[in-house]
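Enquirer: Got a sequence here, can you model it:
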Amino acid sequence: MKKLTEWIGRIVYGLIGLSLCLISVAMMGVAMWGIWISVHEKSLLVSALLNAIGLIVIGMAVFDVAKFLLEEEVLSSSRGKSLLEQRATLLKFLVIIIIAVSLEALVFVFDAAKQDIKNLIYPTFLLISAGLVVIGLGMYQKLTFNEGENNESN
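Expert: Have a look, this model is predicted:
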């Protein structure tokens, strides 16, 4: 029974991962299409480029999450992993999120600065939250580093 539920879980995570991959590729395609249309219609290219950057960054983050799900939940099992390997997996996942949030915040900063300076508060909070996640991740790394080494040697 346990094997059956494990296989069902892997199939579901596989479908989710593949769906996220397709969605991320579609987002990147829409971004490129927007640039193509903007160039040929001689409309605001800078706006189209900023929109494309935002879509591509989100698409990249979604693709990384899909890849992470496929690698961790479908292709391997976390049960056999050591504490250090599990910690490295968590680190990798959070770094993906931090990069995506930071890049999206930068795109929003440029977009808000062009429209209305009052809108800069939202990307600023996004940048602050990315910084807080980095600080929290650093604290987690510092607090769990020695513990992970001690448990590995036992």
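Enquirer: so where's the chain uncertain?
Expert: 77-81, 146-154 (pLDDT under 70).
Enquirer: Could you rerun that using 90?
Expert: Scanning the chain for pLDDT under 90 picks out the ranges 1-10, 13, 37-62, 64-124, 126, 137-138, 140-154.
Enquirer: How is it divided into domains?
Expert: Domain segmentation of the chain under automatic domain parsing yields 1-79, 81-154.
Enquirer: my read: residue 56 touches residue 29, true?
Expert: No: at 10.2 Å, residue 56 does not count as touching residue 29 under the criterion of C-beta atoms under 8 Å. Backbone N, C-alpha and C define where each C-beta goes, glycine included.
Enquirer: These two: who's more crowded?
Expert: residue 56 (18 against 12; other C-beta atoms under 10 Å).
Enquirer: Apart from its chain neighbours, what residue comes closest to that one?
Expert: Setting aside the residues directly before and after it, residue 56 is nearest to residue 31 in space (C-beta to C-beta, 6 or more residues apart in numbering), at 5.0 Å.
Enquirer: What are the buried residues along the helix or strand hosting the one you found?
Expert: Using DSSP states H and E, residue 31 maps to helix 2-40. For helix 2-40, the neighbour count (16 or more other C-beta atoms under 10 Å) marks 13, 16-17, 20-21, 24, 27-28, 31, 34, 38 as buried.
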